[in-house]
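In: okay, sequence plus prediction incoming.
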There are 2 protein chains.
Amino acid sequence: MDYETVLRAAGLRITRQRRTILAILAEDDDHPDALALYRRASRIDPSISLSTVYRTMKVLEEKGAIQRHTFEGGPARFEQAGGRHHDHLIDIETGEVVEFRSDRIERLQEMIAEELGYEIVSHRLELYGRRRKAD
Amino acid sequence: MDYETVLRAAGLRITRQRRTILAILAEDDDHPDALALYRRASRIDPSISLSTVYRTMKVLEEKGAIQRHTFEGGPARFEQAGGRHHDHLIDIETGEVVEFRSDRIERLQEMIAEELGYEIVSHRLELYGRRRKAD
DNA sequence: TTTTGCATTGCAAATCATTTGCAAAGAAGC
DNA sequence: GCTTCTTTGCAAATGATTTGCAATGCAAAA
Ligand SMILES: [Mn+2]
Ligand SMILES: [Mn+2]
Ligand SMILES: [Zn+2]
Ligand SMILES: [Zn+2]
C-alpha cells in the first residue's frame, strides 16, 4: 500500500479503519459506493462505522488518493486514483462499470474548450448503455 | 407554448402554476435549478410552491418535455427539451453553462460503445473550466 | 516505555435536495 | 353547475452524506 505514504505525507494518522478501507480499495478493482465499502470493511473489522467510510473517502479525495464518481441515479462510487485517466460506460441493467479511454475525444474536448475561450479544469464523460445481444 | 399540447396529449391538466413554470422555461434560455425556477415563478404567481416546481419538473421530464442535468456539486438544473442534442461546459467560477456540440465526439462515443459490446442509451459529457485570460 | 496533545472514531442528530401523504382546491367533460 | 379525477400547498418523510461531541487512539516527545 502506497496509500500510507500519502496519508503520512499529509500529516494524517494511520488508523486500523483507514488501513482496512485502503486495503479494500487497493485490492478490489471495481467502483463500490460507500455502503458497499462499508460492508466489505465490516467483514474485516466489524467495529468500523459508515461515517468513517465517508470521512475516509472525503479525506482521501482531498489528498488526491481516490476519485469520486456520481453516476446518474445512484450514490457516489469510488476508485483508487493513480491509474491513468479514463472515462466510464455504465451498464444500465447491471450497474457494472466499464472503463475506456479515447485520446481523440480528450483532444477534441480541449479544442472545444479552447474555441469557447475556456480552460478545462476537469471533465466527465459517461456512456450509459446496455449490452448488445450477440445472437 | 407548445408545452400545453404535450401536457394535453399526456392527459395532464393545465393548471395556472404549470402554465407559469412552462412560460419561464420557454422564455429564459439558461439552466435554472428548482429553487431558481421557484423564485422566478413566485414573482408571477406568489402562491406557487416549491413542491409544485419539483413535481412539474418530474412530470415534464417523464413526458420528455424537459431535460434534467445534475452537474457536479449542485442541485439538478433544467432546460426545455426539443432543441437538438448538445453537451455542456460549466464555468466553475460562475456556474454559467455554455452549450456545445461535437458530431465527431458523438461518433467516437458510438464507436467506443460498439467496440465494448454496448449500445448507448444515453450519455453525459461535461467540461468544467474557467474562462481563459485574454490579456 | 509513559506521557501528552491532537486526530480520529462511533453514534446520534443535522443537512440538503427531493419526494410524498393528505386534505383542500381546481380542471375537464358532461 | 355537477361529478370525477388531478393537482396543489403544506408538513413530514426520504436518502445520501455530513457533523457535533465525548470517548478513544495515534504518534511524537519526554
Ligand atoms: Mn474507473
Ligand atoms: Mn443545455
Ligand atoms: Zn476523459
Ligand atoms: Zn453529447
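Out: It's in. Numbers count the residues shown, from 1 in each chain, chains lettered A, B, ... in the order given. Ligands and ions are numbered 1, 2, ... in the order given.
In: wouldn't A:Val59 be in contact with A:Leu12 here?
Out: Yes: using Cβ atoms under 8 Å, A:Val59 is in contact with A:Leu12, at 6.6 Å. C-beta here means a position set from N, CA and C on the backbone, and glycine is covered the same way.
In: so which residues on chain A come close to ligand 1?
Out: A:Glu79, A:Glu99 (Cβ under 5 Å from the ion).
In: what does chain A put close to DNA strand D?
Out: Within chain A, the positions adjacent to DNA strand D are A:8, A:13-16, A:33-35, A:50-51, A:54-55, A:57-58, A:70, A:75-76 by Cβ under 7 Å from any atom of the strand.
In: near ligand 4, list only the ones from those.
Out: Okay, of these, nothing touches ligand 4 (Cβ under 5 Å from the ion).
In: can I have the buried ones of those residues as a ChimeraX selection?
Out: For the buried members of the residues of chain A next to DNA strand D, the matching ChimeraX selection, counting by 16 or more other Cβ atoms under 10 Å in any protein chain shown, is:
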select /A:33,34,57
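In: how about the contacts made by A:Thr20?
Out: Counting by Cβ atoms under 8 Å, 6 or more residues apart in numbering or on different chains, A:Thr20 touches A:Ala41, A:Ile44, A:Asp45, A:Ile48.
In: count of residues packed around A:His123?
Out: A:His123 is flanked by 20 other residues according to other Cβ atoms under 10 Å in any protein chain shown.
In: what of A:Leu7?
Out: The burial count for A:Leu7: 22, using other Cβ under 10 Å.
In: likewise for the one 4 residues further on?
Out: One way to gauge burial is a neighbour count; for A:Gly11, by other Cβ under 10 Å, it gives 6.
In: so what pLDDT did it get?
Out: You'll see A:Gly11 listed with a pLDDT of 82.
In: again, but for A:Val121
Out: Per-residue pLDDT puts A:Val121 at 96.
In: that one and ligand 3, how far apart?
Out: To ligand 3, A:Val121 is 13 Å away according to Cβ to the ion, to the nearest Å.
In: for the contacts of A:Thr20, name the two members farthest from one another.
Out: Across those, no pair lies farther apart than A:Ile44 and A:Ile48, at 8.1 Å, counting by Cβ to Cβ.
In: comparing these two, which shows the higher neighbour count?
Out: Shown here are A:Ile44 and A:Ile48; by other Cβ under 10 Å, A:Ile48 has more neighbours (22 against 14).
In: okay, A:Glu61: pLDDT?
Out: 93.
In: typo on my end, it should be A:Asp28
Out: At A:Asp28, the predicted lDDT confidence score is 91.
In: test my guess that it contacts A:Ala41.
Out: No: using Cβ under 8 Å, A:Asp28 is not in contact with A:Ala41; the gap is 11.1 Å.
In: out of those two, which sits in the busier spot?
Out: A:Ala41 (24 against 14).
In: I'd say the more buried one and A:Leu50 touch.
Out: No: counting by Cβ under 8 Å, A:Ala41 does not reach A:Leu50; the two are 9.4 Å apart.
In: against A:Met57, how distant is A:Glu126?
Out: Distance, A:Glu126 to A:Met57, using Cβ to Cβ, to the nearest Å: 20 Å.
In: go on, A:Gly129?
Out: Applying Cβ to Cβ to A:Gly129 and A:Met57 gives a distance of 27 Å.
In: the longest strand anywhere in chain A vs strand B:118-131, what angle?
Out: If you go by DSSP state E, chain A has its longest strand at strand A:118-131. If you take axes from the mean of the first three to the mean of the last three Cα atoms, to 10 degrees, strand A:118-131 sits at 170 degrees to strand B:118-131.
In: do strand A:118-131 and chain B meet?
Out: Yes: using Cβ under 8 Å from any Cβ of the partner chain, strand A:118-131 reaches chain B at A:118-131.
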